[in-house]
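Undergrad: Attaching a predicted model along with its sequence, questions to come.
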Amino acid sequence: MSALRRALARVRSFFSKPPLDADLEAEIAAHIDLAVEENIQRGLTPLEARRQALVRFGAVDTAKLQQREARGIVKLDILLQDLRYTSVP
């Protein structure tokens, strides 16, 4: 993928965060659910199966953050966040 295409993809993703975040949530949930089912089939209780699936997946919030950073424009996100918190009512 060319640099221009990557830049355009990042700009598009910056302006369509809610649908992309919903897709990311669904994908992570599907991965965890699949791992839970595999653990249950191995004989674990549902609670232990979920615990082990989450341990194996790792930090969910970190995965979400890394994905958002990979698809977005981090510096622009930080700038907009700073402007929101420093604006005077």
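TA: It's in. Numbers count the residues shown, from 1 in each chain.
Undergrad: In contact with Glu25, which residues are there?
TA: Shown in contact with Glu25 (Cβ atoms under 8 Å, 6 or more residues apart in numbering): Lys64. C-beta here means a position set from N, CA and C on the backbone, and glycine is covered the same way.
Undergrad: secondary structure element for Val55?
TA: helix 46-57 (DSSP states H and E).
Undergrad: ok, now Val36?
TA: Secondary structure (DSSP H and E) places Val36 in helix 17-41.
Undergrad: repeat for Leu4
TA: Secondary-structure assignment from DSSP H and E places Leu4 in helix 3-14.
Undergrad: Now the helix holding Val55: buried residues?
TA: Neighbour-count burial for helix 46-57, with 16 or more other Cβ atoms under 10 Å as criterion, is recorded at 49-50, 52-53.
Undergrad: Also stretch 19-28?
TA: 20, 24.
Undergrad: which residues does the closest residue to Val60 other than its chain neighbours contact?
TA: On the basis of Cβ to Cβ, 6 or more residues apart in numbering, the spatially nearest residue to Val60 that is not a chain neighbour turns out to be Ile28, at 6.1 Å. Taking Cβ under 8 Å, 6+ apart, we find Ile28 in contact with 57, 60, 63-64.
Undergrad: Which residue lies nearest the spatial centre of the chain?
TA: Centroid-nearest residue in the chain: Lys64, 2.4 Å away (criterion: Cα atoms, centre = their mean).
Undergrad: That one: what's its closest spatial neighbour, skipping adjacent residues?
TA: In space, Lys64 is closest to Leu24, 6.2 Å off (Cβ to Cβ, 6+ apart).
Undergrad: low pLDDT regions in this structure?
TA: Residue ranges of the chain with pLDDT under 70: 1, 6-17, 72-74, 87-89.
Undergrad: any residues touching stretch 50-66, and which ones?
TA: Stretch 50-66 is touched from outside by 21, 24-25, 28, 31-32, 35-36, 38-39, 44, with contacts defined as Cβ under 8 Å, 6+ apart.
Undergrad: rewinding a little: biggest separation within the contacts of Ile28, which pair?
TA: Distance extremes for these: the farthest pair is Phe57 and Lys64 at 11.5 Å, using Cβ to Cβ.
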